[in-house]
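>>> How does the following fold in three dimensions:
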Amino acid sequence: MSIRILEATDRADWTSFVKSHPQGHFMQSWEWAELKGTQGWEPYFFAVENAGRIVGGTLVQKKRLPVLGKSILYSPRGPLLAADAQLSLAELVAEVGRFASGNGAIFWRVDPYLSPDEAGTTFSDTGFVPVPREWSYWNAPKYLMHLPLDGTVEELFSRMGSTARNETRQAAKSGVTVDYGTTDDLDDFFALMIRTAEKKKIPHHDIVYYRTLYETLGKSGMVQLFLARREGKTGSAGISLRFGSTAWLMYLASDYSVKHSNRALQWEMVKWAVESGCTRYDFRGTACNYPPRESDPGYGVYKFKKSFGADTAIMAGYFDAVFSPAWYRMFRFAEEKVLPRAMGIVAAVRRRF
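Residues are numbered from 1 along each chain as shown. Model prediction:
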């Protein structure tokens, strides 16, 4: 096996590899790397090759830290392991380590799309340090909601909770329709995102981010905007992605002015995934602790996702390959103590303006 950093000419081969990999994820796609590149994350694709064929690898994103002259590395939902997981990962760590040395990188964080059983001791055996966090401000969530799409649309509907089925039917009877949107509808979507963020006291991106996401991922047919309306009024809007055999819920916003429009919208997203040939719908984060508690601020979000038949899926969590121990201790202190406060301030400012 050999490892090399891919060039732009390797894009099609990388895309084919990620789509066919059992843990293939849109966050390991070339398109996602382009989007994150607009936010200051420099993308590098490390491919593990055997006889000229990609058998493993990962997108590594580099973020330069202001003033310090240092950087951090992150592989969202990676790495994608080869059949000989431990050997290929050890070689990958060594190669990324050499890259880190030449780029002032403090550590390399990964959050693989693997369950704890699937990950086993592979990461600890190759020198990674587990990060003792149940969730993260800047990494992918550990607790997800997955809906297997093993059946017809009618069969999936029958497995939904009775309240979810009734409210979806009521939405249709009251004249709610769900349309496929275009970039021209992003202003409607963004207006609802702002109102949702204000109501739930959560941060949101600016309109430029959503436009860039839609344009960048839309070129490959990965993204679709949905809008639930009644008599011309948009009550709910959301964005789903598809990549390989999985579709994901990215964003869902509602001001609840059109009754049950959020139900109709989410059901249309699931139908879109089925009709696209996907075998799983990933609702992404549970918005709760594990196990979920009714006292959790996001418990309503959890109940909503579960009502569509989704179950909790636990990921292996976060692991760091540390290249500069002293700087790493300082970063981890800032991550635990400073970042939460900073994120709270940013969220408050965005809600205000």
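>>> okay, now the closest residue to Leu87 other than its chain neighbours: neighbour count?
Leaving aside its sequence neighbours, Leu87 sits nearest to Met1 (Cβ to Cβ, 6 or more residues apart in numbering; 7.4 Å). Yep, even glycine has a C-beta here, placed from its N, CA and C like the rest. As a burial measure, Met1 scores 14 neighbours (other Cβ atoms under 10 Å).
>>> Give me the distance between Met1 and Ser20.
Distance, Met1 to Ser20, by Cβ to Cβ, to the nearest Å: 18 Å.
>>> hmm, back to that, for the residue nearest to Leu87, what are its contacts?
Val48, Glu49, Asn50, Val55, Ala82, Asp84, Leu87, Ser88, Glu91 (Cβ atoms under 8 Å, 6 or more residues apart in numbering).
>>> Please identify which helix or strand holds the fifth one.
For Ala82, there is no host helix or strand (DSSP states H and E).
>>> can you pull the contacts of it?
Met1, Val48, Asn50, Val55, Gly56, Ser88.
>>> what's across from the third one in the sheet?
This points to Asn50. Beta-bridge pairing for Asn50 (DSSP bridges): Arg53.
>>> in the protein, which helix or strand is least confident?
helix 339-352 (a mean of 53; mean pLDDT, DSSP states H and E).
>>> can you give me the strands in the protein?
Secondary structure of the chain (DSSP state E): strands located at 2-5, 41-50, 53-64, 71-75, 105-110, 129-131, 143-148, 177-181, 223-230, 233-243, 246-254, 280-285, 311-314, 318-322.
>>> Adding mean pLDDT, write those strands out as CSV.
Output for the strands of the chain, formatted as CSV (pLDDT from 0 to 100):
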stretch, mean pLDDT
strand 2-5, 96
strand 41-50, 97
strand 53-64, 97
strand 71-75, 98
strand 105-110, 98
strand 129-131, 98
strand 143-148, 98
strand 177-181, 98
strand 223-230, 98
strand 233-243, 98
strand 246-254, 98
strand 280-285, 98
strand 311-314, 98
strand 318-322, 98
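>>> closest to Met27 out of the ones you listed?
strand 53-64 (7.6 Å; Cβ to Cβ).
>>> what's the angle between the closest one and strand 105-110?
Strand 53-64 runs at 130 degrees relative to strand 105-110, counting by axes from the mean of the first three to the mean of the last three Cα atoms, to 10 degrees.
>>> And the most centrally placed residue in the chain, its phi and psi?
By Cα atoms, centre = their mean, the chain has its centre lying nearest to Ala140, at 5.7 Å. Ala140 adopts backbone torsions of phi -70, psi 150, taken as degrees, to the nearest 10.
>>> residues contacting it?
Here Ala140 is in contact with Met27, Pro76, Arg77, Asp111, Met315 (criterion: Cβ under 8 Å, 6+ apart).
>>> And Ala321, by the same measure?
Counting by Cβ under 8 Å, 6+ apart, Ala321 has contacts Val93, Val96, Gly97, Phe107, Trp108, Val110, Gly127, Phe128, Val129.
>>> What distance do you get for Met315 to Thr58?
Taken as Cβ to Cβ, the span from Met315 to Thr58 is 16 Å.
>>> And those two? Which one has more around it.
Ranked by neighbour count (other Cβ under 10 Å), Met315 and Thr58 place Thr58 first, with 26 against 19.
>>> Okay, and the beta partners of that one?
Phe46.
>>> ok, it - contacts?
Counting by Cβ under 8 Å, 6+ apart, Thr58 touches Gln28, Phe45, Phe46, Ser75, Gly78, Pro79, Leu80, Leu92, Val110.
>>> Would you mind measuring the gap between the ends of stretch 154-172?
Criterion Cα to Cα, to the nearest Å; first-to-last residue distance in stretch 154-172 is 16 Å.
>>> Name the residues that touch that stretch?
147, 149, 151, 228, 259-261, 263-264, 267, 270, 274, 306-309.
>>> farthest-separated two in those?
Distance extremes for these: the farthest pair is Gly151 and Lys259 at 28.3 Å, using Cβ to Cβ.
>>> between these two, who's got more neighbours?
The residue with more neighbours, out of Gly151 and Lys259, is Lys259; 15 against 12, by other Cβ under 10 Å.
>>> quick one, phi psi at that one?
Dihedral angles of Lys259 (phi, psi; degrees, to the nearest 10) stand at phi -60, psi 130.
>>> surely it meets Ser174?
Yes - counting by Cβ atoms under 8 Å, Lys259 does reach Ser174; the two are 6.7 Å apart.
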